[in-house]
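# sharing a model prediction with you, sequence too.
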Amino acid sequence: MTSIAPTPDLRPGTEGESPSRRRYWLWAVGALVLLIGALILASWLIPTTTATQSETLDGPIGRLEIFVTGGVSLVAGDQTELTITKEWQLAGEPTVEVTNENGEARVTGDCVFYQIRCATSVTGTVAPDATIVVKTSAGSIVVSGVRAGVDLETSAGSVMAEDVMGQARLRSSSGHILGTSSDGDVDAETSSGRIELTVLGDFSSLAATTSAGAIDLTVPDDVYDVDADTAAGSVAIQVRTDSAATRRIVAASSAGSIRVVPAP
């Protein structure tokens, strides 16, 4: 009887794969790991370059929009004077563009994908009657004393709107939302962090939502239509409630206590 030997399986990962081929892949993976490690180490050892840019925006400013990658801190003042701080490693200075047309001003700070540890941040004073819009990818936002509403959003950091008036939209993907506002509806939402707000004056809607954190709201002593829900925590509603009330409060937390109290 004639016997036939089985044909060896030469597919990758089987016994038929040659030792030299396996060694090649091991060397390639090892080299890639070393390269990534060297880049991470270099990012910590290479010094960071810092530069500042001062901007005074003339004329009445009705709306100021700021789109940057770092933190923003603004306080109401006599005029709009901004200091833009740029930080980077290698690959050149980040690009900053400032425009001011017909009372609408915009500050944009960009970092391209190959710039290491690149950030643009803004501090300064703003016209108190300007609507403030801030969006940043990594940094905290603080705005104080403005009277025409705010729209503040960060992907990583806290948001504080202190002593502001008008409608307020407050967003954070990872950080606390804090502040005091009056005479305007408030919509606050964070994916991870607590919400502590005092909302006074004339408003019809107050919404506060967090996926992980407590909610603490202080409002005028009045009657409210309140919808408060938490999946894990206590709920304490100390204001008067009526489902037919014209003022509405919605508070929701996936994991945290909820408290709504009247202002003293």
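The structure has been received and is ready for your questions. Numbers count the residues shown, from 1 in each chain.

# contacting residues around Val235?
Applying CB atoms under 8 Å, 6 or more residues apart in numbering to Val235 gives the contacts Ala228, Asp229, Ser257, Ile258, Arg259. For glycine as for every other residue, the C-beta is placed from the backbone atoms N, C-alpha and C.

# give me the pLDDT for it.
The per-residue pLDDT reported for Val235 equals 97.

# how far away is it from Thr49?
Val235 sits 51 Å away from Thr49, taking CB to CB, to the nearest Å as the criterion.

# so which of the contacts of Val235 comes closest to Asp242?
Ala228 (14.4 Å; CB to CB).

# so Ala28: helix, strand or coil?
Here Ala28 is recorded as helix under DSSP: H, G, I helix; E, B strand; the rest coil.

# equivalent analysis for Gly256, please.
coil.

# now do the same contact list for it.
Arg194, Thr210, Ala212, Gly213, Ala214, Ile215, Thr230, Ala232, Gly233.

# what is the burial count for the second one?
If you count neighbours by other CB atoms under 10 Å, Thr210 ends up with 26.

# re the thing from before, of the contacts of Val235, grab the buried ones for PyMOL.
Buried residues within the contacts of Val235, by 16 or more other CB atoms under 10 Å, are selected in PyMOL with:
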select buried, resi 228+257+258+259
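
# most widely separated two among the contacts of Val235?
Asp229 and Arg259 (13.4 Å).

# any low-confidence regions in the stretch 101-250 of the chain?
Counting by pLDDT under 70, the ranges of the stretch 101-250 of the chain that qualify are 113-116.

# what segments of the chain are helices?
Ranges of helices within the chain are 19-45, based on DSSP state H.

# give me the residue at the spatial middle of it.
Thr154 (1.4 Å; CA atoms, centre = their mean).

# count the residues that sit near Trp244.
You called it Trp, but residue 244 is Ala. Neighbours of Ala244 (other CB under 10 Å): 6.

# so it touches Tyr224, yeah?
No. With contacts counted by CB atoms under 8 Å, Ala244 stays clear of Tyr224, the gap being 10.7 Å.

# need the contacts of Val235 in JSON lines (columns: distance to Val75).
As requested, those are exported to JSON lines (distance: CB to CB, whole Å):
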{"residue": "Ala228", "distance to Val75": "33"}
{"residue": "Asp229", "distance to Val75": "36"}
{"residue": "Ser257", "distance to Val75": "32"}
{"residue": "Ile258", "distance to Val75": "31"}
{"residue": "Arg259", "distance to Val75": "29"}
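
# name the nearest of the contacts of Val235 relative to Val250.
Among these, and counting by CB to CB, the member closest to Val250 is Ala228, at 7.8 Å.

# pretty sure the closest one contacts Arg248?
No. Assessed by CB under 8 Å, Ala228 is found out of contact with Arg248, at 11.4 Å.

# nearest residue to Thr85 in space, please, no chain neighbours.
Sequence neighbours aside, Ser121 is the residue nearest to Thr85 in space, at 4.9 Å (criterion: CB to CB, 6 or more residues apart in numbering).

# now for that neighbour, how many residues are close by?
Ser121 has 22 nearby residues by other CB under 10 Å.

# cool, the one 4 residues further on as well?
By the measure other CB under 10 Å, the count of residues near Thr125 is 17.

# repeat that for Glu196.
By other CB under 10 Å, the residues close to Glu196 number 20.

# how near is it to Thr83?
29 Å.

# identify each buried residue in stretch 62-71, please.
Arg63, Leu64, Glu65, Ile66, Phe67, Val68, Thr69, Gly70, Gly71.

# for the fourth one, what are its contacts?
Okay, so that is Ile66. Val72, Arg106, Val107, Val122, Ile132, Val133, Val134, Lys135, Thr136.

# pull out the buried residues from these.
For the contacts of Ile66, buried by 16+ other CB under 10 Å: Val72, Val107, Val122, Ile132, Val133, Val134, Lys135, Thr136.

# stretch 64-81 spans what distance, first to last residue?
With CA to CA, to the nearest Å applied, stretch 64-81 spans 12 Å between its terminal residues.
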